[in-house]
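[1] no FASTA, just this:
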């Protein structure tokens, strides 16, 4: 082991990791995960084997890693993090595109004369307060439950882990994360179906804390060595393909989701460190999809609706429909990304900028989670021509009382 925190045979050392301003490979992974979720939603039963619904938990792990890494670097640079700036960045990262697509959906319901029948007035407050995952009524924008999950996590996580007046917690964040996992395990039988999503985000936070500390960095970075990395990726691939069988064996999704989050955490160091993976996942095309993955997630329902209305053959869930929805969503997502999402991010940056203050390292913003995965054993409706994704309530995919997958 090298004294600088690196290890012999590693493709990078501690100082190189700390100096990295962008993890380009994570963009490509985000793009693949977003496409996988859309393909699952619109691909029908024949595409269920691919378990694209788990793409959302890839987003959760990456989000926890990126957000925590940014916060740790800001704290080391300035002595503390600015909670105000943290929340301002999250608001301007998430809200503009989210509210734009929500407004578009409401306008479409009004134009179609479905405002009352879809209970839009009753449901809208749940979306405006980011509590749609708790709503038991019509959920026309229901795939945004993942945003509600992340909003709550990032409301609480900085308060627990980065408050300057609790130095003991700041010195022992690994203990804090251990406590979070222990509480989750202790209450698993009661709230495991709901808490698992937060625990998966915490996996990404754990990897970030371990890689930020010079003392624990070598142990985690060792997973980026060629042989351990190959074994981790092989285990991840086998686990992913075995998900349908694992769900049946476990009698439900929560434990499988938790295991999947751990698997993503194990391949994360190699994604950050290995040049070969950066070339694969961080290329120009992959970055394009990754940078638009949030908008892609938001507009997929509108894209599916439009295609089913204009070309009824695309209203039947199957591979052809899924590909068409992905392409249509990509066009819409590019427009939303350029004209709504990016201007919102830039506006947030202007709000947090201060003269003479060094800006935070530029790491890809954490992806707001994509559409909720639909429970793999659930029946998929025969058509989306009605203008919406299948209701999570209809397929038993609620996070309260049943897995939200």
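    Perfect, thanks for sending it. Just so we're clear, the structure is a prediction, and the values are computed from it rather than from any experiment. Numbering: from 1, shown residues only.
[2] Now do the helices in the stretch 51-200 of the chain.
    Assigned by DSSP state H, counting those that start in this stretch, the helices in the stretch 51-200 of the chain fall at 55-78, 83-111, 120-128, 145-161, 167-171, 173-186, 188-212.
[3] can you check the stretch 251-400 of the chain too?
    For the stretch 251-400 of the chain, the helices defined by DSSP H, counting those that start in this stretch cover 254-273, 275-281, 284-291, 293-310, 319-336, 342-352.
[4] Okay, buried residues for the fourth one please.
    What that stands for is helix 293-310. The neighbour-count check on helix 293-310 (16 or more other CB atoms under 10 Å) flags 293-308 as buried. From N, CA and C alone the C-beta is placed, and that goes for glycine too.
[5] cool, and the third one?
    Under the neighbour-count criterion of 16+ other CB under 10 Å, helix 284-291 has 286-291 buried.
[6] How much space separates the residue positioned nearest the centre of the chain from residue 330?
    The centroid of the chain falls nearest to residue 59 when counting by CA atoms, centre = their mean (2.4 Å). Per CB to CB, to the nearest Å, residue 59 is found 17 Å from residue 330.
[7] Low-confidence ranges, the protein, go.
    1-11, 137-138, 165, 354-405 (pLDDT under 70).
[8] tell me which of the buried residues of helix 293-310 is nearest to residue 139?
    residue 301 (11.0 Å; CB to CB).
[9] The closest one contacts residue 102, doesn't it?
    No: using CB atoms under 8 Å as the test, residue 301 is too far from residue 102 to be in contact (10.8 Å).
[10] Tell me the residues that contact both of those two, please.
    Listed as contacting both residue 301 and residue 102 by CB atoms under 8 Å, 6 or more residues apart in numbering are residue 141.
[11] Surely the residue nearest to the centre of the chain and residue 147 touch.
    No: contact criterion CB under 8 Å: residue 59 and residue 147 do not qualify, at 10.6 Å.
[12] hmm, back to that, would you mind saying which of the helices of the stretch 51-200 of the chain lies nearest residue 49?
    Taking the helices of the stretch 51-200 of the chain one by one with CB to CB, helix 55-78 is closest: 14.3 Å.
[13] hang on, the earlier thing: determine which stretch of the helices of the stretch 51-200 of the chain is the most buried.
    Mean neighbours per residue, mean count of other CB atoms under 10 Å, is largest over the helices of the stretch 51-200 of the chain for helix 55-78, with a mean of 23.
[14] got the angle for that one vs helix 188-212?
    50 degrees (axes from the mean of the first three to the mean of the last three CA atoms, to 10 degrees).
[15] From the buried residues of helix 293-310, pick the one nearest residue 106.
    Using CB to CB, the buried residues of helix 293-310 come closest to residue 106 at residue 302, 11.6 Å.
[16] How about the contacts made by the closest one?
    Residue 302 touches 101, 104-105, 108, 332, counting by CB under 8 Å, 6+ apart.
[17] now do residue 91
    residue 348.
[18] where's it relative to residue 155, distance?
    From residue 91 across to residue 155, the span is 11 Å (CB to CB).
[19] List the residues that are in contact with both of these two.
    Counting by CB under 8 Å, 6+ apart, residue 91 and residue 155 have no contacts in common.
[20] can you list contacts of stretch 106-116?
    Residues from elsewhere that reach stretch 106-116 (CB under 8 Å, 6+ apart): 118, 120-121, 124, 140, 302, 305, 387.
[21] check contacts around residue 67.
    154, 157, 205, 208, 366 are the contacts of residue 67 under CB under 8 Å, 6+ apart.
[22] what about it, distance to residue 157?
    On the measure of CB to CB, residue 67 and residue 157 end up 8 Å apart.
[23] any shared contact partners between those two?
    Common neighbours of residue 67 and residue 157 (CB under 8 Å, 6+ apart) are residue 205.
[24] Can you name the residues in contact with stretch 333-341?
    By CB under 8 Å, 6+ apart, the surrounding residues in contact with stretch 333-341 are 96-97, 100-101, 291-296, 298-299.
[25] quick one: that stretch to chain centroid distance?
    The chain centroid and the centroid of stretch 333-341 are separated by 19 Å under CA atoms, centre = their mean, to the nearest Å.
[26] returning to that earlier point: of the buried residues of helix 293-310, closest to residue 75?
    Closest approach to residue 75 among the buried residues of helix 293-310 (CB to CB): residue 294, at 25.8 Å.
[27] Look up how far residue 341 lies from that closest one.
    According to CB to CB, residue 294 stands 7 Å off from residue 341.
[28] Can you work out which residues contact both of these two?
    Shared contacts of residue 294 and residue 341 (CB under 8 Å, 6+ apart): residue 97.
[29] Can you name the residues that contact the residue nearest to residue 299 when sequence neighbours are not counted?
    Closest residue to residue 299 apart from its sequence neighbours, by CB to CB, 6 or more residues apart in numbering: residue 332 at 4.3 Å. Each residue near residue 332 by CB under 8 Å, 6+ apart is listed here: 295, 299, 302-303.
[30] circling back: mind checking which of the helices of the stretch 251-400 of the chain is nearest residue 83?
    Per CB to CB, nearest to residue 83 of the helices of the stretch 251-400 of the chain: helix 342-352, 11.3 Å.
[31] Counting by contacts, list what that closest one packs against.
    Here helix 342-352 touches helix 83-111, going by 3 or more CB pairs under 8 Å, 6 or more residues apart in numbering; DSSP states H and E.
[32] circling back to that earlier point, and which of the buried residues of helix 284-291 is nearest residue 192?
    Proximity of the buried residues of helix 284-291 to residue 192 (CB to CB) peaks at residue 290, which lies at 30.6 Å.
[33] isn't that closest one right next to residue 35, touching?
    No: with contact defined as CB under 8 Å, residue 290 does not reach residue 35; the gap is 10.2 Å.
[34] got JSON lines for the contacts of residue 332, with distance to residue 247 too?
    As requested, the contacts of residue 332 are exported to JSON lines (distance: CB to CB, whole Å):
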{"residue": "295", "distance to residue 247": "30"}
{"residue": "299", "distance to residue 247": "29"}
{"residue": "302", "distance to residue 247": "30"}
{"residue": "303", "distance to residue 247": "28"}
